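Q: The following comprises the amino acid sequence and a computationally predicted model.
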Amino acid sequence: MTRTLGVCYYPEHWPESQWAVDAAQMKATGLTWVRIGEFAWSLMEPTPGTYDWDWLDRAVETLGNAGLKVVMGTPTATPPRWLVDSMPDMLPVDAQGRTRGFGSRRHYDFSHMGYRDACRRIATAMGERYGRNPHVAAWQIDNEYDCHDTTLSYSGAAKQGFQDWLAQKYQSTDALNRAWGNIFWSMQYDTFDQIELPNLTVTEPNPAHVLDFRRYSSDQVAAFNRVQVDALRPLTDTPLIHNYMGRTLTFDHFKVGADLDIASWDSYPIGFLSDRIEGTTKEKQTYLRQGHPDNQAFHHDLYRAVGNGRLWVMEQQPGPVNWAPYNPAPLPGMARLWAWEAFAHGAEAVCYFRWRQAPFAQEQMHAGLLRPDSEPAPALGEAAQVAAEIAAMPDLDHATGSAALIFDYESAWAWDTQPQGADFDMFRLAFAAYRALRRAGLSVDILPPHTGDLSAYKLVLAPGLMTISDNLRAALATYEGIALIGPRSDLKTRDMAIPVPMGPSLPDTDVTVTLTESLPPSDKIKLQGGGRFRHWFEHLDGTAPVHLSTKSGQPAIMGGDHLRYLAGWPDDATFDGIIGGLCDAAGIATLRLPDGLRVRDTATTRFFFNYGPKPVTWKDTIIPAAGVHWEAL
Amino acid sequence: MTRTLGVCYYPEHWPESQWAVDAAQMKATGLTWVRIGEFAWSLMEPTPGTYDWDWLDRAVETLGNAGLKVVMGTPTATPPRWLVDSMPDMLPVDAQGRTRGFGSRRHYDFSHMGYRDACRRIATAMGERYGRNPHVAAWQIDNEYDCHDTTLSYSGAAKQGFQDWLAQKYQSTDALNRAWGNIFWSMQYDTFDQIELPNLTVTEPNPAHVLDFRRYSSDQVAAFNRVQVDALRPLTDTPLIHNYMGRTLTFDHFKVGADLDIASWDSYPIGFLSDRIEGTTKEKQTYLRQGHPDNQAFHHDLYRAVGNGRLWVMEQQPGPVNWAPYNPAPLPGMARLWAWEAFAHGAEAVCYFRWRQAPFAQEQMHAGLLRPDSEPAPALGEAAQVAAEIAAMPDLDHATGSAALIFDYESAWAWDTQPQGADFDMFRLAFAAYRALRRAGLSVDILPPHTGDLSAYKLVLAPGLMTISDNLRAALATYEGIALIGPRSDLKTRDMAIPVPMGPSLPDTDVTVTLTESLPPSDKIKLQGGGRFRHWFEHLDGTAPVHLSTKSGQPAIMGGDHLRYLAGWPDDATFDGIIGGLCDAAGIATLRLPDGLRVRDTATTRFFFNYGPKPVTWKDTIIPAAGVHWEAL
Amino acid sequence: MTRTLGVCYYPEHWPESQWAVDAAQMKATGLTWVRIGEFAWSLMEPTPGTYDWDWLDRAVETLGNAGLKVVMGTPTATPPRWLVDSMPDMLPVDAQGRTRGFGSRRHYDFSHMGYRDACRRIATAMGERYGRNPHVAAWQIDNEYDCHDTTLSYSGAAKQGFQDWLAQKYQSTDALNRAWGNIFWSMQYDTFDQIELPNLTVTEPNPAHVLDFRRYSSDQVAAFNRVQVDALRPLTDTPLIHNYMGRTLTFDHFKVGADLDIASWDSYPIGFLSDRIEGTTKEKQTYLRQGHPDNQAFHHDLYRAVGNGRLWVMEQQPGPVNWAPYNPAPLPGMARLWAWEAFAHGAEAVCYFRWRQAPFAQEQMHAGLLRPDSEPAPALGEAAQVAAEIAAMPDLDHATGSAALIFDYESAWAWDTQPQGADFDMFRLAFAAYRALRRAGLSVDILPPHTGDLSAYKLVLAPGLMTISDNLRAALATYEGIALIGPRSDLKTRDMAIPVPMGPSLPDTDVTVTLTESLPPSDKIKLQGGGRFRHWFEHLDGTAPVHLSTKSGQPAIMGGDHLRYLAGWPDDATFDGIIGGLCDAAGIATLRLPDGLRVRDTATTRFFFNYGPKPVTWKDTIIPAAGVHWEAL
Ligand SMILES: [Zn+2]
Ligand SMILES: [Zn+2]
Ligand SMILES: [Zn+2]
């Protein structure tokens, strides 16, 4: 696999005289890709139906002639003012019932059919113009679905779409009433048009109602994306890509990814540490200028699965950003480390965001590779270094990980809907499991919930799956490694109800969750041998062997040689112990890594990344802060 | 007094074939009562005006034939969809102006006359059908008034009702303007229809305006309830009951209770500890699986007064619930302890909620006596044990407590409206006083604010009464025990103004509050001899003797032998000292109880309840965690 | 300069028989001024167009005959109900889109032209009636602009006014689009009526859009105020005053002040400490009953500049207030200390709020000089003491301070709009700088941002100025003292963009901010020699000398002998060191003051104020808690 670098560029932000200069400097830096076009609808179509491609033709030509490959973005995240004026009901509505207006971006409703038509039109026009342009080597559709909480809209369009979707799914309100359990609290409906969106109810709405709305909303993202895929496919042979965000679980990325060729994501390690990763103050201090040492890896592995093996980083943080609560600068070296880490996890390309810091508008405080005055910003040199290093190193082949983690978006919606404990969150749980695998030095693959073959892995974790899919259950039935299922796995029907007989329903494994407890942060369940569960504990019953017990004698892990059920949420040290034991039993070699050091294996090479703020020693090698080290395997 | 157990049951949730099995098992467990019917409006009246009683007839028959007595609930907390569609303005509106829609429960406005008519109709129809049914032995009207903050609605119906209520009360806007002091800030009204509800003003509205709206809103709850009382009274001779909630102060329970025969409440000790009781992290840890050791007692004593001596627990927590921030399981034994504690406080019946955990809809994670798969949940055995113990023990007679606490809902609204210090809250203050009495081992009666006879008590506490009623003032004038009034008592007129001469106006006791201070949590007023006031301190003036002073020499308690005024909010240890001194002076014996142990006396028996997580020793008896112990008096 | 005392009085709140008694007691206390009239519109004009001046004539006569001078307030902060009913769209709208209704005060939209007409009418009528009344010696226009967050309104009137304002400013949408950088995210407008107010966008709106709305909103306050100025000017020769609030930065006070004769403010030291001043728990404990030791001084110095040298305190806290989260009583002596401190800072008058505590309505828990029952409250005696002390002391002449601080409202809006770090706030930064100057014993003048002459000062601080004005840049070019500019100064254009070349642009000083970092509270940048920056750090480049470096070797202060740029936000101890060094270099004598002691010099006298809770010793003098001490200079 070849590895390449790129950058995000907005020619429309700069005088045309600057374009060739910029292009030459990009090329000199060693960049391959330049992403353009997204957000420029108002220039492409300044008035309804009148396109102006001249400027964009020249931009593509200038960049292409400099030897760069263009990633062309469709501008549908930023519909122009005139388009909104032509159909004001295309605006999304928040859960409080307030219309979310024009004046920033993503001001559209995924459910609005008129807006879908407009997107089909602009994507078709772009495809016709640039689909066969020799400089355009890839396409990005829209930008960061769900960014600014835009998956869910409580608009009239969403309500009508949801009612139709329910009618399709259930065919009769009787069936819907039965599936949702609407006999509870006299919530039955007689007609589909009585069913409102599940916001602004007196107390919590039926969780089945909410979950179906979450499924509906996710489906609209996929359908919205598919409109542009269908428009572009006949017009280009280059790969179609979307750039996902970090810790975004509101739509099923696997479903969107199925229609695309490559999954990319926008990696802002420091911003994400500040605004969306749990952590103690000490952890946040330690990694202030590096980002969480496992967060990038998790998303690389997740999106590699979403991309069916093909992964890019479409936006890579180069310096301080503008949008997190606090915005420190990266430790020198991190812009290099993050790129190499992406490559080690299988990324084909890493594009820094953005070429030159824009001195105006919302993102004026977002660093680029160049300063607003065109002087080099710190990351430019690191990008050039990575480019040189890539050139010097043979291709890397991706290797299957030694362990796998099953990750399911629908479960995230289920637990959002009924967390049962204030701290229960799907990402948080899955990330806790992932981090434990990483701390053991394992390379991990993330698998979708409908996975039907686990045979490549000696160890599989499946935390928090509301329902185990038929495929996965079949795979588990013949699995010869060790699968650790739970906590909170296979305890719901697809209708968001408790199954009777009660779950989990694991092949040849008699274990039942009879009662569930959630715990405040101040409390814990002590385990035999010193560990503890936090947040969550399930009472297990059944005849399966007990592998681990609580201090008071309740089962903590039960199951057979291959399938085991985990009854609680282990804290980090406890998870380390559990994973260590499973690796021993499964015959997986683990590593004892110094704090902050992380590892990822490709087919031939082991990469080490020092996320810590101080040098660490690995065997005989001192790896500096922000250092990258690699060894042949 | 006989003591009985019961359970809440929803036959409509289960196949009819299950009903007889369930009934037999209820009976075998030793249960007397089964509550049904509430929430089932959509089955009773599936389409407008067409009733279907067949299923309910059969359910009553099945349960009755098994030897159970039915508590029949009116379903008015869950109006069906078609009813809402027929008059959409029956929906309540929140303080932000958003309509609170269909899709959960309690989606009605207490002020809406059309909905009152609909409730009268369904209650009448039910009364006609079941009022003389031999198996129906009690009625519950509606369910948990105010649950989900539904007492206050800012709807058109409420606005019109409030204007009419004001016109009735004041007869002229001149009178209203004078009473409210509307000359302040040019707030005078010329007509009653100019008066809006007191939400969404630029800054705080006139507190007299708010207080009248609180009174109006409380009156609507009473009037709403009375509609069904009036419908059912001619149709049945069995007692009419409502099930109140914990720490719910938005309507005057004494006024609602005056129309009913029994007060019941829904007791969720662990959920309430998590979501509505102040406490340190350590306290919350200690009582995580037991609930606050005084909270149940307080509500038993309060609702016994609301019920004019007749008390039930209509819903008793049996295991983890679904609605608190964190939902741990009770300590084994607590489902028994809570029942016995209720009996010791005079409860005639304790009904567990619910028979079988529903696997669907909002409360699917709420435990029952049975699991969703009909296996026994932990509380079933404890319920059976209580049933056996009841059978073995002679009737208990209620005894008047040794001390009394005056509790006033209107004062709670007054202090909500103008807390003056962010931590001032009526429940919190009254509960602090109650807890001090309990820690001294006293059995307490709670009395309404219009109490006219205190002669049964040697000690009376009256904290936080905005205005002392004429009845109470007369009782105090001849009182021969010790009454500790204050803090913040008798300092307002009924018009929510400061009286001139300034209060309190205590018979033959020259003491005046001249200035009031509220304090942040980090500060305190030190007292002579080591105690301290928190949150609140009043400067006292007058010629009455000073019983306690602050360290700086200001009066802390002033008054004569019988009536004393307390100038601040003592912390727990200080309250213990004050109560100890008063008991000595009043000739009341106190107990020195180990941490977590609580006591309640009936006429013949002293009951001990160990709320602590560890065994305690009382004299020669070791009382285990969650243990109940009793001795003859 | 003479110093006088006064009081706020509401004759309409009291029986007319009381007026003469009150007036005589005011006079006997030594008061000069009595402020009346504000809030009494409903009495002045009980029905549309019908004025009733009789009561007010008699009140003025009674007060004047007692020897008091009247400050007459226009009642435009409290439009009566009938006026609102006549034009309901005069009500303001909050950022969530909710109309802010009648029922308290300040229920008007600054942009509403109909309301401006009504204000012109009532002000004219008052001016005609009382403009030449010999007892009326000053006028107050409206009351506390912006109180309750009323500067910003998101109403239809505001939207239309904003569009007109933009059209005036930019003349074409092309110019506006360029100035705002609307090419970013396709935000261009074709017509001005497409431009909405910058609320309820999907994510943050363009900061240039927000900043222009902030400027527009500030301009409306000035225009609104000017309507009454223009109405009153021809009708009276007495000074026109407005009473500003503490830490209110939503409109440009310098612009409002330019139309008025005196700036007054409402000083509530204890309330402000509780509700709007940052501080550790320990600081809040130490100054609980005194207020922050620098907050009053800061506002005196700021408003003296706003008043072009003429300063009053229109409302002085006399005891506990009703509106802060916690409301303790002042330490005995503070009502005296605050008055003397105001005089030392140049105040001509200090008026206590209010004469007698009102027993009704919103402020019934706000103390006065008298209790509600007309007995003296604690502050009455202190006021009398101040009056006696004034009488015994010759006039004080104001002296120019030894240091100056530039303060800019527009910058406050810019940083509100894009704080870049969650803790960045203009007041907080400026106040940190001011406090450091105060702790060094300096008397400070605050200067507006368009200051063109700094020659009176040896030391000037200019933190947080988004853009240095042409005037100020010219003054700096020839400045011979030491000016410490920054952090975050001169880094934006007036269009809220980053200038290219990048700032700051300091005369003859080659320093450039190349990159900006914001830091969470847990982090810091260590400096050489032991200090630290918090919250904010800028990377500096250039050839100017480095005066201070970070521990890692980056510049912390750069510049020449006269102009230096500060790259971060020093914590208090670090600021003390920096100011100490600058004072040494500038030849300014500093003082080493005990904790809590503060100093202010007039032309002839040095005043000491002990804000601490314990006595301190200054040279040979023991100054008690709340003590005031003065020495000849
Ligand atoms: Zn984004
Ligand atoms: Zn409830
Ligand atoms: Zn104010």
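A: Nice, I can see it. Residues are numbered from 1 along each chain as shown, chains lettered A, B, ... in the order given. Ligands and ions are numbered 1, 2, ... in the order given.

Q: now the closest residue to A:A305 other than its chain neighbours: how far from A:L563?
A: Nearest non-adjacent residue to A:A305, counting by Cβ to Cβ, 6 or more residues apart in numbering or on different chains: A:I446, 4.9 Å away. In this view, the C-beta of every residue, glycine as well, is placed from N, C-alpha and C. Distance of A:I446 to A:L563, given as Cβ to Cβ, to the nearest Å: 20 Å.

Q: What helix or strand is the residue of the stretch 401-550 of chain A found nearest ligand 1 located in?
A: In the stretch 401-550 of chain A, the residue that lies nearest ligand 1 is A:F427 (17.3 Å; Cβ to the ion). Element membership of A:F427, judged by DSSP states H and E, is helix A:426-439.

Q: Report the backbone C-alpha coordinates of stretch A:103-115 in PDB.
A: Provided in PDB are the C-alpha atoms of stretch A:103-115 (Å, rounded to 0.1, in the frame of the first residue of the first chain):
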ATOM      1  CA  GLY A 103     -25.600  32.000   8.800                       C
ATOM      2  CA  SER A 104     -23.100  29.200   9.400                       C
ATOM      3  CA  ARG A 105     -23.200  25.700   7.800                       C
ATOM      4  CA  ARG A 106     -25.000  22.400   7.700                       C
ATOM      5  CA  HIS A 107     -28.300  24.300   7.700                       C
ATOM      6  CA  TYR A 108     -30.300  21.600   6.000                       C
ATOM      7  CA  ASP A 109     -32.700  18.800   6.900                       C
ATOM      8  CA  PHE A 110     -31.700  15.300   5.800                       C
ATOM      9  CA  SER A 111     -35.400  14.500   5.400                       C
ATOM     10  CA  HIS A 112     -36.200  17.400   3.000                       C
ATOM     11  CA  MET A 113     -36.900  16.000  -0.500                       C
ATOM     12  CA  GLY A 114     -36.500  19.400  -2.100                       C
ATOM     13  CA  TYR A 115     -33.100  19.800  -0.800                       C
END
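
Q: that older thread, you'd agree the residue nearest to A:A305 is in a strand?
A: Yes: A:I446: assigned to a strand according to DSSP: H, G, I helix; E, B strand; the rest coil.

Q: Quick check: bridge partners of it?
A: Beta bridges link A:I446 to A:L405 when assigned by DSSP bridges.

Q: Could you give the number of residues near the residue lying closest to A:I622 once chain neighbours are set aside?
A: If the residues on either side of it in the chain are set aside, A:I622 comes closest to A:P615, at 5.2 Å by Cβ to Cβ, 6+ apart. When neighbours are defined as other Cβ atoms under 10 Å in any protein chain shown, A:P615 has 14 of them.

Q: likewise A:H450?
A: A:H450, neighbours per other Cβ under 10 Å, totals 13.

Q: For it, give me its contacts.
A: Going by Cβ atoms under 8 Å, 6 or more residues apart in numbering or on different chains, A:H450 touches A:254, A:469, A:471-472.

Q: Helix, strand, or coil at it?
A: Classification of A:H450 using three-state DSSP returns coil.

Q: Let me see the contact set for A:Q316.
A: Contacts of A:Q316 by Cβ under 8 Å, 6+ apart are A:267, A:335, A:338-339, A:342, A:350-353.

Q: Tell me the bridge partners for it.
A: A:S267, A:Y352.

Q: Distance of it relative to A:E348?
A: Taking Cβ to Cβ, one finds A:Q316 at 13 Å from A:E348.

Q: and if you look at A:D523?
A: A:D523 sits 46 Å away from A:E348, taking Cβ to Cβ as the criterion.

Q: what do you get for A:S455?
A: From A:S455 to A:E348 the distance is 26 Å (Cβ to Cβ).

Q: neighbour-wise, which of the two wins?
A: A direct count of neighbours by other Cβ under 10 Å for A:S455 and A:E348 places A:E348 higher, at 20 against 10.

Q: Does the more buried one belong to a helix, a strand or coil?
A: With three-state DSSP as the criterion, A:E348 reads strand.

Q: Would you confirm that A:F162 contacts A:Y216?
A: Yes: contact criterion Cβ atoms under 8 Å: A:F162 and A:Y216 qualify, at 5.0 Å.

Q: who are the neighbours in contact with the closest residue to A:W33 other than its chain neighbours?
A: The shortest distance from A:W33 to any non-neighbouring residue, by Cβ to Cβ, 6+ apart, is to A:G6 (2.7 Å). A:G6 makes contact with A:31-35, A:69, A:71, A:349-352 under the criterion Cβ under 8 Å, 6+ apart.
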